[in-house]
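**Q** this one's structure only:
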């Protein structure tokens with residue numbers, strides 16, 4: 001009997017269960033679960049008690065990289081992050097970066113990466129993709145996925161800051177970004193038919209990862225493919241902004 005693997009979904013949207021990013025995230029997880037032996041836990045970061053980092057870097061002076069702050073939820077979250085087989089960070093793009101709740105947690109778990117000891121980036125065209133840290137506490141074979149949605153279509157441009165940040169922290173091969181464009185309009189104005197198209201694509205991506213242990217470029221490209229044409233999307237965005245206050249779950 002195959003060993004049951006652990007999926008940890010870190011939901012970083014301040015909307016928690018109402019997050020539009022959870023639509024592709026849950027479909028991706030379902031594809032995993034229905035094609036392998038997995039157990040899944042969702043952590044809603046916004047609901048956690050997470051005190052901000054004090055910037056002392058004493059975590060880098062401890063063998064286990066632990067923070068001196070012990071009276072909040074970070075120690076328990078950290079253990080789950082270390083011991084999961086697949087970690088999915090599910091978050092909407094906020095001003096071309098991660099939401100504040102996620103950034104506060106990232107600051108607090110900086111002790112999970114190797115400390116900065118004066119090392120410099122390598123030379124050549126791939127210098128910016130060579131990590132300056134890398135995880136020092138990580139389950140063998142663990143996969144880290146950033147599953148992020150945005151309102152934009154030009155994901156190569158708007159996710160460049162995210163890619164640069166995580167390339168430097170984890171290295172280009174240390175994580176996988178899956179960007180979901182047009183999600184805000186899809187969630188609010190797309191209708192069930194289009195949402196089901198999206199769900200199918202992400203289910204297929206999760207199924208591929210469960211069966212093969214990796215995601216092909218074809219699977220990622222399909223998940224990241226826009227559903228609306230540029231012309232239709234522009235009209236939808238105008239309609240969404242014009243009627244922004246029509247839905248209680250917009251806030």
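**A** Good, I have the coordinates. All figures in this text were calculated on a predicted structure; none of them were measured in a lab.

**Q** Tell me where the model's unsure across this structure.
**A** In the predicted model of the chain, residues 1, 121-132, 190, 243-251 satisfy pLDDT under 70.

**Q** swap the cut-off to 90 and go again
**A** 1-3, 113-140, 151-153, 167-173, 182-194, 226-251 (pLDDT under 90).

**Q** Tell me which stretches of this structure form helices.
**A** In order along the chain, the chain carries the following helices (DSSP state H): 22-33, 74-83, 100-108, 155-158, 160-170, 183-189, 191-212, 217-224, 230-242.

**Q** Now mean neighbour count too, for those helices, in TSV please.
**A** For every residue, glycine as well, the C-beta is placed using N, CA and C. Compiled in TSV, the helices of the chain are given as follows (neighbours: other Cβ atoms under 10 Å):
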stretch	mean neighbour count
helix 22-33	22
helix 74-83	17
helix 100-108	19
helix 155-158	14
helix 160-170	16
helix 183-189	22
helix 191-212	17
helix 217-224	15
helix 230-242	13
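
**Q** Out of the ones you listed, flag the one nearest residue 54.
**A** Across the helices of the chain, residue 54 has its closest neighbour in helix 100-108 (9.4 Å, Cβ to Cβ).

**Q** on contacts alone, who are the packing partners of the closest one?
**A** Other elements packing on helix 100-108 under the criterion 3 or more Cβ pairs under 8 Å, 6 or more residues apart in numbering; DSSP states H and E are helix 74-83.

**Q** elements contacting the helix it packs on?
**A** In terms of contacts (3+ Cβ pairs under 8 Å, 6+ apart), helix 74-83 is packed against strand 5-11, strand 38-44, helix 100-108.

**Q** With distance to residue 93 added, can I get the ones you listed in a markdown table?
**A** Written out in a markdown table, the entries for the helices and strands packed on helix 74-83 read as follows (distance: least, Cβ to Cβ, whole Å):
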| stretch | distance to residue 93 |
| --- | --- |
| strand 5-11 | 15 |
| strand 38-44 | 18 |
| helix 100-108 | 11 |
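
**Q** Among these, which comes closest to residue 86?
**A** Using Cβ to Cβ as the criterion, the shortest distance between residue 86 and the helices and strands packed on helix 74-83 is 4.7 Å, found for strand 5-11.

**Q** Identify the residues contacting residue 165.
**A** In this structure, residue 165 makes contact with residue 97, judged by Cβ atoms under 8 Å, 6 or more residues apart in numbering.

**Q** Distance check, it against residue 135.
**A** Taking Cβ to Cβ, to the nearest Å as the measure, residue 165 and residue 135 are separated by 15 Å.

**Q** Now the helices of the chain in CSV, please, with extra columns for distance to residue 143.
**A** Written out in CSV, the entries for these read as follows (distance: least, Cβ to Cβ, whole Å):
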stretch, distance to residue 143
helix 22-33, 10
helix 74-83, 12
helix 100-108, 18
helix 155-158, 21
helix 160-170, 12
helix 183-189, 22
helix 191-212, 8
helix 217-224, 13
helix 230-242, 31
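
**Q** Out of those, flag the one nearest residue 41.
**A** For the helices of the chain, proximity to residue 41 was assessed by Cβ to Cβ; helix 74-83 is nearest, at 7.0 Å.
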